[in-house]
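Colleague: just a sequence and a predicted model for now, questions to come.
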Amino acid sequence: MSAELSPIDKAKFVAAKRAVAFVEPGMKVGLGTGSTAAWMVRCLAERVREEGLRVVGVPTSTRTAELARKLGIPITSLDDAKWLDLTIDGADEFDLNLALIKGGGAALLQEKIVATASDQMIVIADAAKEVAQLGAFPLPVEVIPFGWQTSKALIEELLVSMDVLDRRVTLRMNGDKPLITDEANYILDLHLKRIGNPRQLALVLNQIPGVVENGLFIDICDIVVVGHSDGRVVVKDINAGSETQERIEFAPALNIFADMGE
Ligand code: 5RP
């Protein structure tokens, strides 16, 4: 595997690299899911290897657990860890208040549980994920398979009274079958185009029978690290009310690509 990455992977890499610098020895760290989070797992594994950094990871999906195991990050379950110092994860969209849409990778349920059980959540993203208003990315909602069409109809009915621009709801597929999550559920994608009141929508969606969780993360994320392909990273901290910019040297160790094959 060559060290030549696409601009988008460079942006994801520098965001991941900067976020991993927040990890301190002895921390219990929630490990997110997705292509950006995979860079974070690689960068964290590099610190474990090179510095002997002592950490325990709590993965948010079977995919992330496999990657962490393969790269030598010690992992445990959330029930064993109980409470985490930090979770680092990707997002599909984030707004000015650091409200998020997550679940593009179908892992929103574990991701929300793990992030909520952490002192701090840091989101890593490329600049394209920043939006003025959430909703261009379809909002994932995890539902149990039993009676999913009823849950879908109830969601459609609910959306009529919500401040959204569109109301199409689709079942996420994996080929010609419904996609099955790690918890053996289905994902409904809500094509809303614009979500006027994400807080209200997040609350009412979870009242619908059959809905397990939705992909709106409100008041959960503390920091977003935005990566750019030229090495710039912008760190937005909602609690400090600060925004700082720095540059990350783009020099990934060659063995950081070890899991990606030739
Ligand atoms: C998985 C997620 C991901 O964090 C989100 O989809 C972003 O993924 P990527 O980093 O590949 O763009 O929520 O459920």
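Modeller: Nice, thanks for sending it over.

Colleague: and residue 84, how many residues sit next to it?
Modeller: The number of residues packed near residue 84 is 23, by other CB atoms under 10 Å. Backbone N, C-alpha and C define where each C-beta goes, glycine included.

Colleague: and the closest residue to it other than its chain neighbours, its phi and psi?
Modeller: Spatially, and ignoring its direct neighbours in sequence, residue 84 is nearest to residue 118 (4.1 Å; CB to CB, 6 or more residues apart in numbering). The phi and psi torsions at residue 118 (degrees, to the nearest 10) take the values phi -130, psi 150.

Colleague: what count of nearby residues applies to residue 118?
Modeller: 24.

Colleague: distance of it relative to residue 28?
Modeller: 8 Å (CB to CB, to the nearest Å).

Colleague: do the same with residue 128
Modeller: 31 Å.

Colleague: higher neighbour count, the two?
Modeller: Counted by other CB under 10 Å, residue 128 and residue 28 do not tie: residue 28 has more neighbours, with 21 against 10.

Colleague: how near is that one to residue 80?
Modeller: 9 Å.

Colleague: residues in contact with the residue of the stretch 151-262 of the chain found nearest the ligand?
Modeller: Nearest residue of the stretch 151-262 of the chain to the ligand: residue 215, at 6.9 Å (CB to the nearest ligand atom). Under the criterion of CB atoms under 8 Å, 6 or more residues apart in numbering, the neighbours of residue 215 are 92, 100-103, 108, 139-141.

Colleague: near the ligand, list only the ones from the residues you listed.
Modeller: 92, 102-103, 108 (CB under 6 Å from any ligand atom).

Colleague: farthest pair within the contacts of residue 215?
Modeller: 100 and 141 (14.3 Å; CB to CB).

Colleague: the ones next to the ligand among the contacts of residue 215 in helices, which ones?
Modeller: Filtering those for membership in helices, criterion DSSP state H, returns residue 108.

Colleague: what's the closest of the ones next to the ligand among the contacts of residue 215 to the ligand?
Modeller: When these are compared against the ligand (criterion: CB to the nearest ligand atom), the nearest one is residue 102, at 3.5 Å.
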